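**Student:** test case, fold it:
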Amino acid sequence: MTLMRQFFPQRLGMRLVLAVGCIFLLLAVLIIGNEFIDFSDGFRFRERLKHGLTDLVLVLLGILSMIGAVSLVMRRPLAALAEATRFTEDLAERRGQFLGYRPEAPVEILRLQTAINHASARLADQERQLQESRKAQADAWAAAEILERLSREAIESISEGFVLFDRDMRLVLCNATYRQAYPLIADLLVPGANFIDILRKAATRGQFVDDTEHMDEWVRERIARHLGHTDPVVCRLTSDRWYVISERATPSGGVVKLLTDITEIKRQEEHLRQSHKMEALGQLASGLAHEFNNVLTAVGGFAEMGRRDPSNAARAELCFVEIGKAAERATDLTGQLLSFSRNQPTETRVVDVGQAVWDLESFLRPLLGERVTLSIAPHDEGLLSSINPSQLAQAVVNLVINARDATSSIGAISIRTEPVSLSEPEAQLLSVTPGRYVAIRVTDTGTGIDDELKKRIFEPFFTTKQAGEGTGLGLAMVYGFATGAGGTVHLESTLGQGSTFSIFLPITTKPLRHRHSEPGDLPVLATEATILVAEDDPAVLDYLKHLLFDLGYRVLAAPGGTEALRLAAENRPNLALCDVAMPDMNGPEVIRHLKESQPGLKTVLMSGYPFPEMEPGLADACIDKPLDPVELAEILARLLAEENR
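**Tutor:** Just a heads-up that it's a prediction; the model follows:
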């Protein structure tokens, strides 16, 4: 059997050839045998029949032999092929299993078995990889869902407002804090909302623009700011809270926007500013008392002089002019007091800077004591700038106080004003526009400032003083005043050699207006207009009655709001002049009632305090106390002329 295996062909084709050859060899034997049968004795039926049967038997034997040979030869290969076929048919369920090799199997069957086994192994490996991939994908989806949930929870829980837009300017994510900052459009801040649509509806709901042309311009401006990603800005939104708004580009081309609520910080800053003002006011107390005593001395002295010899017209006129100047000086003093101690709205006017600095001498000297000398050198030429005079005074006082504190022993402080022309390169270094400026230079002989401190010297709340000795807002307020007026502040200092702070304010060509009236300034109007005056101070009310009578008006004088309403109902005046603060009813309330009963009535409010916030259009004009008679006359004439149109 072993010998037979060695010579037996391994290939299925060779075995088939061998089987066919055997069959043909058998047939050949049969044919040859038939040929050798003798028929020479003639045809014999019985013999032929016997021969035919013999041939038939031989053929049958040959066929059976052929079948037996083929069956013998092909049995095992066909069995292996059938097994491989069944295995292949079930390969999807049997991956990872292998067919057993039979050494006597043909090469084709062995190769087929090998291929099937390799396919089974690959399928098993792919199935394992697929399962691992599905598991990894499921884990990734689960992790992504957890991360998304945690991200949303984190974004919703932060105190900052957060919104994300994609590259097509569609909203992706927005938290509740951001929606609270924009109550007008909170319902629009949903995923998928378009940024431009949100802007247009915001403009419509907030009535920021009136027509389509201005709407498009307003939208373009905000889109440019949205895509420009400029530095953070501080502003007050419709929710009446202060925010720092930061916008940044994302790597995919979108925009993320953050709102940081700084309302409480703003309030604390304002509280500290007021504390700083009160601190400075306390240091100015002696100077203010001295100056007011001077004013009172001038007023009382010239009034007494005028009363002693009223027949001397020239002397009386001199006394009246000097009393007016003293009153103007008292007005400046009270304005400075209000600026230091209250949140007085910023009101600018043309100021002679040199004269304004010179007028502060009486305030500044008591602050310095005997160990520090003060010299003020205003420029001869009148240098005019459009600024708030009270803020200018506060800025100079802050610089002088800092200079005094920097002088540890006997020293000197000098203040001088001078005109300066800044070229393009110089203006760029100072971050201002080129042009003519008035420079206020405050120089001290103190310890000086090193380079590291110079970088932070104008930062709010930054101070080199001991805890409790300073708020760190003095120089920040100086810088805010200068930049708000269109100028800047520059520091020059050498350690151990003192410092010079220079405030640059743009020079204006507008004329300087004197507050006190010159003789003949008041116009006498031929008019029958009736003016209702509501003022609780008897002296001021009496003065206004005489002033308005001199101007040619009929006057209805009321010592309070209730009496003013009664007089208005009986006489229907052409104009109402009301004080803001009155005991029974304040000025805005009086005006509101008057306009309800007499629509179109012209109204003017007057006050010695900063004016309160009022609804737009309630008062047609406002004027500060102490009243400038020329300014009051102009306002009354203008409003009455509008009424008669």
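**Student:** over to the nearest residue to D450 once chain neighbours are set aside. Which of the three states is it?
**Tutor:** With CB to CB, 6 or more residues apart in numbering as the measure, L495 is the residue that lies nearest to D450, at 5.1 Å, once sequence neighbours are left out. C-betas here are computed from N, CA, C, even on glycine. Using DSSP: H, G, I helix; E, B strand; the rest coil, the secondary structure recorded for L495 is coil.
**Student:** do the same with A314
**Tutor:** helix.
**Student:** same check, this time on A203
**Tutor:** Secondary structure assignment for A203 (three-state DSSP): helix.
**Student:** test my guess that it contacts V219.
**Tutor:** Yes. Taking CB atoms under 8 Å as the contact criterion, A203 and V219 are neighbours in contact, 7.0 Å apart.
**Student:** so what sits against both of those two?
**Tutor:** Listed as contacting both A203 and V219 by CB atoms under 8 Å, 6 or more residues apart in numbering is no residue at all.
**Student:** against V478, how distant is the residue nearest to D450?
**Tutor:** Distance of L495 to V478, computed by CB to CB, to the nearest Å: 21 Å.
**Student:** ok, these two, which is more surrounded?
**Tutor:** Legend: neighbour count by other CB atoms under 10 Å for L495 and V478, higher for V478 (23 against 12).
**Student:** for that one, which non-adjacent residue is spatially closest?
**Tutor:** A395 (4.5 Å).
**Student:** how about the one you found, what does it touch?
**Tutor:** Going by CB under 8 Å, 6+ apart, the list of residues near A395 reads M477, V478, F481, A482, I503.
**Student:** same check, this time on T417
**Tutor:** Contact analysis of T417 by CB under 8 Å, 6+ apart lists V353, G354, V357, A377, P378, H379, L383, V438, A439, I440, R441.
**Student:** returning to what we had before: need the contacts of A395 in JSON lines (columns: distance to R241, pLDDT and secondary structure).
**Tutor:** Conversion of those to JSON lines gives the following (distance: CB to CB, whole Å; pLDDT from 0 to 100; DSSP: H, G, I helix; E, B strand; the rest coil):
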{"residue": "M477", "distance to R241": "23", "pLDDT": "76", "secondary structure": "helix"}
{"residue": "V478", "distance to R241": "28", "pLDDT": "82", "secondary structure": "helix"}
{"residue": "F481", "distance to R241": "26", "pLDDT": "81", "secondary structure": "helix"}
{"residue": "A482", "distance to R241": "28", "pLDDT": "86", "secondary structure": "helix"}
{"residue": "I503", "distance to R241": "33", "pLDDT": "91", "secondary structure": "strand"}
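**Student:** write a ChimeraX command that selects only the buried members of those.
**Tutor:** Burial among those is assessed by 16 or more other CB atoms under 10 Å; the matching ChimeraX selection reads:
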select :477,478,481,482,503
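**Student:** widest-spaced pair of the contacts of A395?
**Tutor:** Pairwise distances across those peak at 11.8 Å for M477 and I503 (criterion: CB to CB).
**Student:** quick one: pLDDT of N571?
**Tutor:** In this prediction, N571 carries a pLDDT score of 88.
**Student:** what about R436, distance to E426?
**Tutor:** R436 is 12 Å from E426, by CB to CB.
**Student:** same question, L237
**Tutor:** With distances taken as CB to CB, L237 is found 38 Å from E426.
**Student:** list the contacts of Q598.
**Tutor:** Q598 makes contacts with A568, R572, as judged by CB under 8 Å, 6+ apart.
**Student:** where does the stretch 151-300 of the chain dip in pLDDT?
**Tutor:** The model of the stretch 151-300 of the chain has pLDDT under 70 over residues 206-213, 226, 228-230, 238-239, 269, 272-291, 294.
**Student:** just the helices in it please.
**Tutor:** 176-181, 195-206, 212-228, 263-308 (DSSP state H, counting those that start in this stretch).
**Student:** then G382 would be within a helix, right?
**Tutor:** No. Inclusion of G382 in a helix is not indicated when three-state DSSP is applied; the result is coil.
**Student:** and the nearest residue to P378 once chain neighbours are set aside, what is it in contact with?
**Tutor:** Residue nearest to P378 in three dimensions, not counting chain neighbours: G354, with 3.1 Å by CB to CB, 6+ apart. Each residue near G354 by CB under 8 Å, 6+ apart is listed here: P378, H379, G382, L383, T417, V438.
**Student:** need those residues in CSV with pLDDT and distance to S120, can you?
**Tutor:** As requested, the contacts of G354 are exported to CSV (pLDDT from 0 to 100; distance: CB to CB, whole Å):
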residue, pLDDT, distance to S120
P378, 86, 104
H379, 83, 103
G382, 79, 105
L383, 87, 100
T417, 91, 100
V438, 92, 96
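**Student:** out of the residues you listed, which is nearest to G161?
**Tutor:** Comparing those against G161 with CB to CB places V438 closest, at 43.1 Å.
**Student:** what sits closest to that closest one if chain neighbours are left out?
**Tutor:** L383 (4.0 Å).
**Student:** can you report how many residues lie near the one you found?
**Tutor:** 26.
**Student:** was I right about it contacting D352?
**Tutor:** Yes. At 7.0 Å, L383 and D352 qualify as touching, with contact defined as CB under 8 Å.
**Student:** ok, I413 - contacts?
**Tutor:** Contact partners of I413, counting by CB under 8 Å, 6+ apart, are 368, 372-375, 400, 403-404, 407, 442-445.
**Student:** if we use 6 Å, what do you get?
**Tutor:** V372, L374, A403, D444 (CB atoms under 6 Å, 6 or more residues apart in numbering).
**Student:** so the residue nearest to V478 is in which element?
**Tutor:** Under the assignment given by DSSP states H and E, the secondary-structure element containing A395 is helix 389-406.
**Student:** for that helix, what is the average pLDDT?
**Tutor:** Per-region confidence: helix 389-406 scores 82 on mean pLDDT.
**Student:** can you give me the buried ones in it?
**Tutor:** In helix 389-406, counting by 16+ other CB under 10 Å, buried: 389-406.
**Student:** same question for stretch 416-429.
**Tutor:** In stretch 416-429, the ones that count as buried by 16+ other CB under 10 Å are R416, T417, E418, V420, L422, A427.
**Student:** select the longest strand from this protein.
**Tutor:** The strand that spans the most residues within the chain, counting by DSSP state E, is strand 411-422.
**Student:** relative orientation of that one and helix 389-406 in degrees?
**Tutor:** Between the axis of strand 411-422 and that of helix 389-406 there is an angle of 130 degrees, by axes from the mean of the first three to the mean of the last three CA atoms, to 10 degrees.
**Student:** partner strands of strand 411-422, with direction?
**Tutor:** Here the strand partners of strand 411-422, with direction, are listed using DSSP bridges: strand 372-377 (parallel), strand 435-444 (antiparallel).
**Student:** I'd like the next helix or strand past it.
**Tutor:** Stepping forward along the backbone from strand 411-422, the first helix or strand reached (DSSP H and E) is helix 424-430.
**Student:** would you mind listing the outside residues contacting that next one?
**Tutor:** Helix 424-430 is contacted by residues T433, P434, T488 when judged by CB under 6 Å, 6+ apart.
**Student:** are any of the residues you listed buried, and which?
**Tutor:** Applying a neighbour-count criterion of 16+ other CB under 10 Å, the buried members of the contacts of helix 424-430 are T488.
**Student:** from the contacts of helix 424-430, which ones fall inside strands?
**Tutor:** For the contacts of helix 424-430, secondary structure assignment (DSSP E) places T488 in strands.
**Student:** looking at the contacts of helix 424-430, spot the one nearest G161.
**Tutor:** Within those, proximity to G161 (CB to CB) peaks at T488, which comes in at 33.0 Å.
**Student:** any idea of the pLDDT on the closest one?
**Tutor:** Turning to T488, the model gives it a pLDDT of 89.
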